[in-house]
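**Student:** for reference, the sequence and a predicted model appear below.
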Amino acid sequence: MLQPRGCQPVWRWGVDSALSVVDRRGHWTGRNVKRFTESVRLALSARNWYAALAVALTLPDICAAAEDPGTGKSRQRYTAWWGRCMEPRYTASNGDIWLTALDAYLLRCSYLHSGTDELEGKGRVLERVQFREPYGNGSLHMQRVDNVLVLEVDRFCLEVCEGVEGWLNLIPNQPAVMARLSGLLALQGGRDSIPGAVRIGPMDERGRPM
C-alpha cells in the first residue's frame, strides 16, 4: 500500500513578497507557481489530458531550477527534487518504488521531447509508463505488468500538483528560491499596452488592428 509521504504541507508564517501573498490565516499561497498547477487542473477539467500531462511533467523542472539554478544539470536537479518530493508517494510499504526519480526524469524526456511513453537510458527500472483516461468505478492507477507501469493520467497529474504545493510550503524561509520563483512567466492582459512597441500586421482604415 502506498504511503502519502514526501513534501507534505508545513505552514509557516511570513509577510507578503514578490512571490507569495498570505491569506487571511497568514498562510503562504505561492501564487506564481500555482498559476502552473492551476493550469494543470483546468486542462484536466477540460479533459485535455495531453496538455495537463505536459505541464505536470514540467513542474519538477521549474521547482528544481529555483532551488539549484544553472545550465547542464537538468537531470541532477529533476531527480533530486522528485526523489525528495514525489518518490515517497510512489513507494510501497514494502519499500518497492513504483516510479523512481530516474524513471520519472526519463518519462519527462520521452514525452516532452518525443511525445512517447517509452523510457530509454541506463539505470531505468521501467520500459514504459502507460497512461489511461479516468476509469470511473474502480481504479487502474498504479498497476504494473512486467516492466510497464499503468497510471491514470488525472490522478498522476494531481499528485504532481500536490507534491509541488507541499514543496511550496517548505520554502518561505529561503529568500533566494523565492526570488527566482518571482521571475516565473506571467501572462499579461490582452488589452495591456506595451510602451514603445510598434504593431506589425494589417490595420483597418482607422489604424486599428484587424
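**Tutor:** Cool, the structure landed.

**Student:** against which helices or strands is the lengthiest helix in the chain packed?
**Tutor:** When secondary structure is assigned using DSSP state H, the longest helix within the chain turns out to be helix 49-67. Secondary-structure packing of helix 49-67 (3 or more CB pairs under 8 Å, 6 or more residues apart in numbering; DSSP states H and E): helix 31-45, helix 74-85, helix 101-109, helix 153-168, helix 175-181. All C-beta atoms are positioned from the backbone trio N, CA, C, and that covers glycine.

**Student:** save those helices as a markdown table, and put in mean pLDDT and distance to Gly123 too.
**Tutor:** Listed next are the helices and strands packed on helix 49-67 as a markdown table, based on pLDDT from 0 to 100; distance: least, CB to CB, whole Å:
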| stretch | mean pLDDT | distance to Gly123 |
| --- | --- | --- |
| helix 31-45 | 93 | 28 |
| helix 74-85 | 96 | 10 |
| helix 101-109 | 97 | 5 |
| helix 153-168 | 95 | 21 |
| helix 175-181 | 86 | 28 |
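
**Student:** closest to Leu187 out of those helices?
**Tutor:** Leu187 sits nearest to helix 31-45 of all the helices and strands packed on helix 49-67, at 8.3 Å, using CB to CB.

**Student:** angle of the closest one against helix 49-67?
**Tutor:** Compare the direction of helix 31-45 with that of helix 49-67 by axes from the mean of the first three to the mean of the last three CA atoms, to 10 degrees and you get 160 degrees.
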